[in-house]
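Visitor: sequence first, predicted coordinates after that:
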Amino acid sequence: MASSSGTSSGSPLIQNSGSEEDLQALMDQRKRKRMISNRESARRSRMRKQKHLDDLTAQVSQLRKENHQIITGINITTQRYLNVEADNSILRVQISELSKRLESLNDIIGFLNSNNGVFGDSSTFNEPAPDSFLNPWSMPYLNQPIMASAEMFHY
């Protein structure tokens, strides 16, 4: 019976040891839960980072595509501008050339109008011919100067 009394006197130690073991097991279980929770949280964080990286990669791709389209548009517009500038240069030269021709024609008309007597009887230039298409000198518009300006050539 002494052993039974020894057991009964030792029972609080065994219970205390059992509760320490339970406490240790509970702490180990909590540590495992925390470790699992931390691993899961780290996995979610890595997934968020990967999604963010994928989103940024897609955005870079989209921006590069838009940039390429803008550069292509700029190149097309620049080429059109250069073509228009070349056309304008040609037109400016043509305006200058036509203005000089017009001035020369006005000089000829002025000379013809002022020197009608040199060519013989001035009445031959002023009399209407029976058929004015056969005699172009009798047409009434020859006495009018030809007027032109650069504004006439605007498109």
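Guide: Arrived safely, thanks for sending.

Visitor: which residue ranges form the helices in the chain?
Guide: Using DSSP state H, the helices of the chain run over 2-114, 123-126.

Visitor: turn the ones you listed into TSV, including mean neighbour count and mean pLDDT.
Guide: Bear in mind the C-beta positions are built from the backbone N, C-alpha and C, glycine included. As requested, those are exported to TSV (neighbours: other C-beta atoms under 10 Å; pLDDT from 0 to 100):
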stretch	mean neighbour count	mean pLDDT
helix 2-114	10	88
helix 123-126	12	50
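
Visitor: could you measure from Leu102 over to Gly73?
Guide: Distance of Leu102 to Gly73, given as C-beta to C-beta, to the nearest Å: 42 Å.

Visitor: er, Leu23 actually
Guide: Look at Leu23 and Gly73: by C-beta to C-beta, they are 74 Å apart.

Visitor: same question for Ser104.
Guide: Taking C-beta to C-beta as the measure, Ser104 falls 46 Å from Gly73.

Visitor: go on, Asn38?
Guide: To Gly73, Asn38 is 52 Å away according to C-beta to C-beta.
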